[in-house]
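[1] Fold the stuff below for me.
(chains A and B)
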Amino acid sequence: AQKITQTQPGMFVQEKEAVTLDCTYDTSDPSYGLFWYKQPSSGEMIFLIYQGSYDQQNATEGRYSLNFQKARKSANLVISASQLGDSAMYFCAMRTALKGGSEKLVFGKGTKLTVNP
Amino acid sequence: AAGVIQSPRHLIKEKRETATLKCYPIPRHDTVYWYQQGPGQDPQFLISFYEKMQSDKGSIPDRFSAQQFSDYHSELNMSSLELGDSALYFCASSFDHEQFFGPGTRLTVL
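    Down below sits the predicted model:
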């Protein structure tokens, strides 16, 4: 069964520094995709970045980059130049094919990031 | 850019009442998903629709039902509400692999 593991319940970082949030995954599917979402205290789930298993390059979106190491089954999120507004819960998720043809997301337990001024 | 719209944003119900949550997906997205996120938990998949047909079901109680209408909006109907149904309910839509979430409906059952 597909599983996402986020081993850091909480992380602290100083404003303007970079931070890495860890994510490891387990799947037997040859084709899969990995996501990172940000959930501020207001509750909405904000899509940050996506990495497909066959993508040759690591995904990047502005200050977010995904350090994808396929052999290690890890997909860590790197946030550069942290800002106070980055304080939130961060979820790593993997898409899983379902019998009916759709794909559900399986989420990790999340990492709460706090950016200190 | 258009986003997923959910209504209402907040809902308070008594035990054993019913609730209806609505979702309007991003235009031209063909798949809609519903997720439930309990307090301090990660989101759990409930049900999905592809082109207005139910596609897959997850851990959705029999008290819950959902449908997608001809205009692609979807509704999650919840009956005989229990205290444990208090959660944030997300709708997400997708056209390819990326799922975009709505702002969620926070349901509180008293």
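
[2] measure stretch B:48-61 end to end?
    One end of stretch B:48-61 to the other measures 14 Å (C-alpha to C-alpha, to the nearest Å).

[3] buried residues in it?
    Residues of stretch B:48-61 classed as buried by neighbour count (16 or more other C-beta atoms under 10 Å in any protein chain shown): B:48-50, B:55-57, B:60. Bear in mind the C-beta positions are built from the backbone N, C-alpha and C, glycine included.

[4] can you put these in TSV and add distance to B:S7, pLDDT and secondary structure?
    Compiled in TSV, the buried residues of stretch B:48-61 are given as follows (distance: C-beta to C-beta, whole Å; pLDDT from 0 to 100; DSSP: H, G, I helix; E, B strand; the rest coil):
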residue	distance to B:S7	pLDDT	secondary structure
B:S48	20	93	strand
B:F49	18	92	strand
B:Y50	23	88	strand
B:S55	23	87	strand
B:D56	24	89	strand
B:K57	23	90	strand
B:I60	20	91	coil
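
[5] Could you restrict these to the ones contacting chain A?
    Contacts with chain A within the buried residues of stretch B:48-61, counted by C-beta under 8 Å from any C-beta of the partner chain: B:48-50, B:55-56.

[6] Write out the residues of chain A neighbouring chain B.
    By C-beta under 8 Å from any C-beta, the residues of chain A that approach chain B are A:33, A:35, A:37, A:43-47, A:50, A:52, A:91, A:95, A:98-110.

[7] what about the residue sitting furthest away from the middle of chain A, which SS state?
    Here the centre of chain A is the reference, and by C-alpha atoms, centre = their mean the most remote residue is A:G100, at 25.9 Å. For A:G100, the assignment made with DSSP: H, G, I helix; E, B strand; the rest coil gives coil.

[8] circling back: now, which of the buried residues of stretch B:48-61 sits nearest B:G38?
    Distance to B:G38 across the buried residues of stretch B:48-61 (C-beta to C-beta) is lowest for B:I60, with 13.9 Å.

[9] which bits of chain B sit near chain A?
    B:31, B:33, B:35, B:42-43, B:45, B:48-50, B:54-56, B:58, B:88, B:90, B:92, B:94, B:97-104, B:106.

[10] Please narrow the residues you listed to those residing in strands.
    Among the residues of chain B next to chain A, the members found in strands (DSSP state E) are B:31, B:33, B:35, B:45, B:48-50, B:54-56, B:88, B:90, B:92, B:94, B:100-101, B:106.

[11] which residues of chain A fall in strands?
    Remark: strands assigned in chain A by DSSP E are A:3-5, A:10-14, A:19-21, A:24-26, A:33-39, A:46-52, A:60-61, A:64-69, A:74-79, A:88-97, A:103-107, A:111-116.

[12] what angle separates the helix or strand of chain A with the lowest mean pLDDT from strand B:53-57?
    Across the helices and strands of chain A, mean pLDDT, DSSP states H and E gives its lowest value to strand A:103-107, namely a mean of 92. Interaxial angle of strand A:103-107 relative to strand B:53-57 (axes from the mean of the first three to the mean of the last three C-alpha atoms, to 10 degrees): 30 degrees.
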